[in-house]
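A.B. asks: return atomic coordinates for the entry below.
(chains A, B, C, D, E and F)
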There are 6 protein chains.
Amino acid sequence: MRVDGRSNSELREVTIERNYIQTAEGSAYIVVGNTKVICTATVEERVPPFLRNSGKGWVTAEYSMLPRATQTRTIREASKGKLGGRTMEIQRLIGRALRSVIDLRALGERTLWLDCDVIQADGGTRTAAITGAFVAMIDALVPLVKNGTIAKMPVSDFLAATSVGIVKGEPCLDLCYQEDSNADVDMNLVMTGSGAFIEIQGTGEEAPFTADQLSQLLALAQKGTAELIQMQKEALGENAKLI
Amino acid sequence: MRVDGRSNSELREVTIERNYIQTAEGSAYIVVGNTKVICTATVEERVPPFLRNSGKGWVTAEYSMLPRATQTRTIREASKGKLGGRTMEIQRLIGRALRSVIDLRALGERTLWLDCDVIQADGGTRTAAITGAFVAMIDALVPLVKNGTIAKMPVSDFLAATSVGIVKGEPCLDLCYQEDSNADVDMNLVMTGSGAFIEIQGTGEEAPFTADQLSQLLALAQKGTAELIQMQKEALGENAKLI
Amino acid sequence: MRVDGRSNSELREVTIERNYIQTAEGSAYIVVGNTKVICTATVEERVPPFLRNSGKGWVTAEYSMLPRATQTRTIREASKGKLGGRTMEIQRLIGRALRSVIDLRALGERTLWLDCDVIQADGGTRTAAITGAFVAMIDALVPLVKNGTIAKMPVSDFLAATSVGIVKGEPCLDLCYQEDSNADVDMNLVMTGSGAFIEIQGTGEEAPFTADQLSQLLALAQKGTAELIQMQKEALGENAKLI
Amino acid sequence: MRVDGRSNSELREVTIERNYIQTAEGSAYIVVGNTKVICTATVEERVPPFLRNSGKGWVTAEYSMLPRATQTRTIREASKGKLGGRTMEIQRLIGRALRSVIDLRALGERTLWLDCDVIQADGGTRTAAITGAFVAMIDALVPLVKNGTIAKMPVSDFLAATSVGIVKGEPCLDLCYQEDSNADVDMNLVMTGSGAFIEIQGTGEEAPFTADQLSQLLALAQKGTAELIQMQKEALGENAKLI
Amino acid sequence: MRVDGRSNSELREVTIERNYIQTAEGSAYIVVGNTKVICTATVEERVPPFLRNSGKGWVTAEYSMLPRATQTRTIREASKGKLGGRTMEIQRLIGRALRSVIDLRALGERTLWLDCDVIQADGGTRTAAITGAFVAMIDALVPLVKNGTIAKMPVSDFLAATSVGIVKGEPCLDLCYQEDSNADVDMNLVMTGSGAFIEIQGTGEEAPFTADQLSQLLALAQKGTAELIQMQKEALGENAKLI
Amino acid sequence: MRVDGRSNSELREVTIERNYIQTAEGSAYIVVGNTKVICTATVEERVPPFLRNSGKGWVTAEYSMLPRATQTRTIREASKGKLGGRTMEIQRLIGRALRSVIDLRALGERTLWLDCDVIQADGGTRTAAITGAFVAMIDALVPLVKNGTIAKMPVSDFLAATSVGIVKGEPCLDLCYQEDSNADVDMNLVMTGSGAFIEIQGTGEEAPFTADQLSQLLALAQKGTAELIQMQKEALGENAKLI
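C.D. replies: Numbers count the residues shown, from 1 in each chain, chains lettered A, B, ... in the order given. Prediction:
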């Protein structure tokens, strides 16, 4: 049995609260076990220089953790004066993932900023961020479609992410921090509503893994992301139908 | 009448939720109208170099706003690679304010980190941060006193802060953002439970002010901080009695 | 009696030398006791982005200390690669103070840069900087008015600053460094020629202060700034009459 | 047929030249098609703070491109004053990959620095860097084993990396830049001599991929890395036998 | 006799390989003894702001060393987040030297970037960089002249650089690292094909030098640069005739 | 005749005022024509890491210009967050020059910091800085010798610097800014009291120069530095006799 009593193929308890931040165009507060992330979506009516006059929009993400999201205090990157490699890697992943289901041409020359701020961390913050940011993004886009700014909903599919790994020899879904830090293999997956892969990032720093083990992990991830997408649909209500 | 229907001497609705972040030694989530701040307190068992072997502790604060705490997105200071002047000014103020009621010798050679993260901003974020950080700090200190790490509670008095200002010619208590950005005079005050001043920072960039006006503003601040301290006491419950 | 033999309500000896730096549009070398500050005013024919096409000008300040302005050498901020919180706080204060007596619309779309460089420090550097920068600013503006670039003198009033504090229980005017570092309460005030307040920044980190003590301090500041403004008038000679 | 005439399952021409840089403990110059990378290995007799007195060593990597490694000049990160996200991501990957085959305890309290500098880039620079850095690392370790500094060779297996992707609907091995920038799916794999996976990083930003497609890509990668490991063995000669 | 068996007036063995980097408009790989530098020339169709609409072009250089170009590993400037003083000094020297033989008006409003990357260092890296960069620059310019982009070759003369110094009391040409680090006087000279001086940078930090010693050193430098220019001519072949 | 009426071999008017900054161990205010530099010397009782436990001291310099030392305002390097190449080059030169006349072993394990701050610039700021810093350094060292902290004066000779150049075809001594910016050849020289060379930095970016021209320039520099050293002696009075 797992450290928190779950079965190997069980997600932690997940809640998604929409419109958590009233100042943002879209926002979602996602809780996955003890991991808590505030996601906001901002619509900016311009694009980065490399897209000017291209007729295409952009989706980009930023990720951060509050200093006491973790068991011991982490120094702020703003105080250090630079972003760490882990942060850069994660925010590049979030942006790339969300872009994969967006029709940038249909979005038009505007930028969606997805800010994911972890206020409490217990493993799986980057995957929770992707899952929550998707909801915030939809809520930021729907009014643009409704008021005609964008001709049609520029989202091709649902998108969610989860982690899987091999812990004490067992393939497990949705690792909490304690599991994650003892895993032999650790993998993050981003999948679509239609069950296809968008991103797969797996590392066996502690122990190489075989093609068989990989298959088992992918199956768990498929189950997990399907359940997460179901929760996104419930959270989004009417807005879910526009995708 | 004020923009949100309050009388000139009325605070916005305030709530203080303790233990909001489970990973921190102390934490408080303070809501003042539409301003929302997460405050955490961290106990670190060492002091900055200038206090080593002094027998004295330290209290320091950091302040930040999520990018979408504001109506339009603000660029992260971590992305810019440096803290802005406003942030530095505010976190110096918070630290100085909290230190004023702490007996650093009684605290012993340890550091209290007070992290104040604004998740939604509608004016008065720095004063809300001080009022909330006080609560988080008490909750981080009480266990140390109870388990004998610290011989006695090193806190000399309660402490809260509020803003006052002259808006459309009227002295007003606890300005929301819309009032603040149109105020002729804008002042932040930090006061103790015994009604003394710790900090007074007032600026009449738009219009100079007289000694009389100053007196009226100070009276409003005295009323407001007294009410805030009452709320701190209620929130802290038994812990309040140790101060 | 005070450490340098002054009475509680006495300023240190003050001299203001105009046109100290020949390369600048306006400049003043202000000496307040052993505190020595070079102030220059630069007129730049453009404004920051947020004011473009607004018809309004801008006044901004920068403050620095030479490494050996202090008793022990201070590392240069240029070598550290960033401005410290104290510097940012001070230069924001100087800029805000000077802006308060400038009609930015009458100034037109140009920027006044006020550079205040402390070459020797003995307390009160920020207030000396404000008092000196005012003189440099006037000398930079007068030629613009005389040659018709600006239709009328865009300065509404004189402006000077001083510090006050409670030292060994006594309210004192114009603290030198030794007094300042032992003061229970320390306050900087910026006042106009008409005796109104522009800025009040007081802190009782060492000991809270009462409304009565505050009144005494304000009276001392009023006396001190009135004397400083008299010296500004004498220094400015004919140019003083244009304000 | 592919843009450079290869079959889908064919690597580009690869050469590995050992001892390319005479000042380094180990070095390899790896050429994969038009991609050229200088890899050096440095042995430093100390470890980062988090490993002091742990009895364990460390392996870390740094990656950079000369400004004209690319078709248009890229600004140096040293001139920009910070590492970009791509660089951080790649050097974290290289370090993690190499560590996976090192017994850090057998290495002892010393650090292996692997510097990978791309002098000409045509796709697959990170995988070439890993493949070349492995050779440089072995050559830096062998003398330590031979002179008894390290009791036994601390390397558990060979290690090489390659890219695979779906280009114009076809799964292909070892993408050159032109293929890479048009690929629907792009994946980097790090594998051991025994055919197990160490890292899998795949992204379908342009098009999601199925489990079937994934299987095909993994098979290509398995073939490619096996061939690369054969070349490492040939390049390393006698030293290869010590692994 | 010198440490490597040369006579006092003898250069180390020099080779210059053109078109070393296929992605660059011009490139040269220069080897001077054990010093090895990759030089590339980039033509950019714009100029820095201070030259816009001036009708003039610009030539600028950047210099760097790979971390293991040296006997012990040097931390990357990109990792430190800033360029060191030595790097800045050298790249300013290289740029200034090359500009001295370029007719910037004939070049037209474009920038030549000369990147000099030392892959192995044994003294004289900056002078090797200048000598190699000249070759890369010519190869980048010739096609522009041939295709009519530039009306005439904008290069007034050949240009090469070498070091001289007083080692163990003897004036010597082209110091290797061991000589350089023990020299009493160390001097770098840049000279033209016509034998005139462009730059002379000499320092006697260890021992002052006399006018006589200076004369001897200049004569050695004249001999050395004349030989280097001969090698540039041979390397450039037909292209040399266009200067 | 020159722009300011001087003959080709004439220095500008020079004054050196000692003890200009009362907070520093040594200081000098040097005025060379319209160039004005404040030099301070600080004695720090420790050395940089590379000299710890070596029994040797260190001499280092920092150089800066106030923003309005120049005709148009220059952005502060502290605001830009990094030192420019010119500043680095100059402060390396000043430090190297002063070290050349110091017996670092006799100095003992302490650091001399020489801060040179240009408050008004009209050409020749680096050479004025060297000439003034020498005086500040002597005044900081003498008390250490007198009170026995240092056994003997660790200064081997006087040291001064000046610029020379070819302006409108004429070799000239001590260029003012207008001359300097139009010079074909520009050279800075540091010389000792015994007439030997310490540094020679000459550049003919605008026009190459011959050995003959170089000789003429060196003779002018020799005359100029001899005169400057005479002024140093007069300024230093009794302290000059200790060298």
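A.B. asks: centroid residue for chain A?
C.D. replies: Per Cα atoms, centre = their mean, the C-alpha nearest to the average position across chain A is that of A:Ile130, at 1.0 Å.
A.B. asks: which non-adjacent residue is nearest that one?
C.D. replies: Residue nearest to A:Ile130 in three dimensions, not counting chain neighbours: A:Ala161, with 3.9 Å by Cβ to Cβ, 6 or more residues apart in numbering or on different chains. For the C-beta atoms, the positions are set from N, CA and C on the backbone; glycine is no exception.
A.B. asks: and the one you found, how many neighbours does it have?
C.D. replies: Neighbourhood size, A:Ala161 [other Cβ atoms under 10 Å in any protein chain shown]: 27.
A.B. asks: pretty sure it is in a helix, no?
C.D. replies: No. A:Ala161 is assigned strand when assessed by DSSP: H, G, I helix; E, B strand; the rest coil, not a helix.
A.B. asks: who's in contact with it?
C.D. replies: A:97, A:126-128, A:130-131, A:188-191, A:199, A:225, A:228 (Cβ atoms under 8 Å, 6 or more residues apart in numbering or on different chains).
A.B. asks: of these, grab the buried ones for ChimeraX.
C.D. replies: Selection of buried members from the contacts of A:Ala161 for ChimeraX, criterion 16 or more other Cβ atoms under 10 Å in any protein chain shown:
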select /A:97,126,127,128,130,131,188,189,190,191,199,225,228
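A.B. asks: possible to save the contacts of A:Ala161 as TSV with secondary structure and pLDDT?
C.D. replies: Below are these laid out as TSV (DSSP: H, G, I helix; E, B strand; the rest coil; pLDDT from 0 to 100):
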residue	secondary structure	pLDDT
A:Ala97	helix	97
A:Arg126	helix	98
A:Thr127	helix	98
A:Ala128	helix	98
A:Ile130	helix	98
A:Thr131	helix	98
A:Asn188	strand	98
A:Leu189	strand	98
A:Val190	strand	98
A:Met191	strand	98
A:Glu199	strand	97
A:Thr225	helix	98
A:Leu228	helix	98
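A.B. asks: and which of the contacts of A:Ala161 is nearest D:Ala69?
C.D. replies: Nearest to D:Ala69, judged by Cβ to Cβ, of the contacts of A:Ala161 is A:Glu199 at 26.7 Å.
A.B. asks: quick check: closest non-adjacent residue to A:Met191.
C.D. replies: Nearest one to A:Met191, counting by Cβ to Cβ, 6+ apart, is A:Thr225 at 4.1 Å.
A.B. asks: just confirm the one you found contacts A:Ala160, I think it does.
C.D. replies: Yes. Using Cβ atoms under 8 Å, A:Thr225 is in contact with A:Ala160, at 4.5 Å.
A.B. asks: got any residues that touch both of the two?
C.D. replies: Counting by Cβ under 8 Å, 6+ apart, the residues touching both A:Thr225 and A:Ala160 are A:190-191.
A.B. asks: surely A:Arg86 forms part of a strand?
C.D. replies: No. A:Arg86 is assigned helix when assessed by three-state DSSP, not a strand.
A.B. asks: ok and the residue in chain A nearest chain E?
C.D. replies: The minimum distance from chain A to chain E, using Cβ to the nearest Cβ, falls at A:Lys82 (7.0 Å).
A.B. asks: only alpha carbons, please: show the helix or strand encompassing A:Leu141 as CSV.
C.D. replies: Element membership of A:Leu141, judged by DSSP states H and E, is helix A:125-146. Extracted as CSV, the C-alpha positions of helix A:125-146 are listed here (Å, rounded to 0.1, in the frame of the first residue of the first chain):
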residue,chain,number,x,y,z
THR,A,125,3.2,20.8,-9.0
ARG,A,126,4.0,21.1,-12.7
THR,A,127,1.3,18.6,-13.8
ALA,A,128,-1.3,20.3,-11.5
ALA,A,129,-0.3,23.6,-13.0
ILE,A,130,-1.0,22.3,-16.5
THR,A,131,-4.3,20.8,-15.5
GLY,A,132,-5.4,24.0,-13.8
ALA,A,133,-4.0,26.4,-16.3
PHE,A,134,-6.1,24.7,-19.0
VAL,A,135,-9.3,25.6,-17.0
ALA,A,136,-8.1,29.2,-16.5
MET,A,137,-7.3,29.5,-20.2
ILE,A,138,-10.8,28.3,-21.3
ASP,A,139,-12.5,30.9,-19.0
ALA,A,140,-10.3,33.6,-20.4
LEU,A,141,-11.1,32.6,-24.0
VAL,A,142,-14.8,32.0,-23.8
PRO,A,143,-15.8,35.7,-23.4
LEU,A,144,-13.6,36.6,-26.4
VAL,A,145,-15.5,34.1,-28.5
LYS,A,146,-18.8,35.2,-27.1
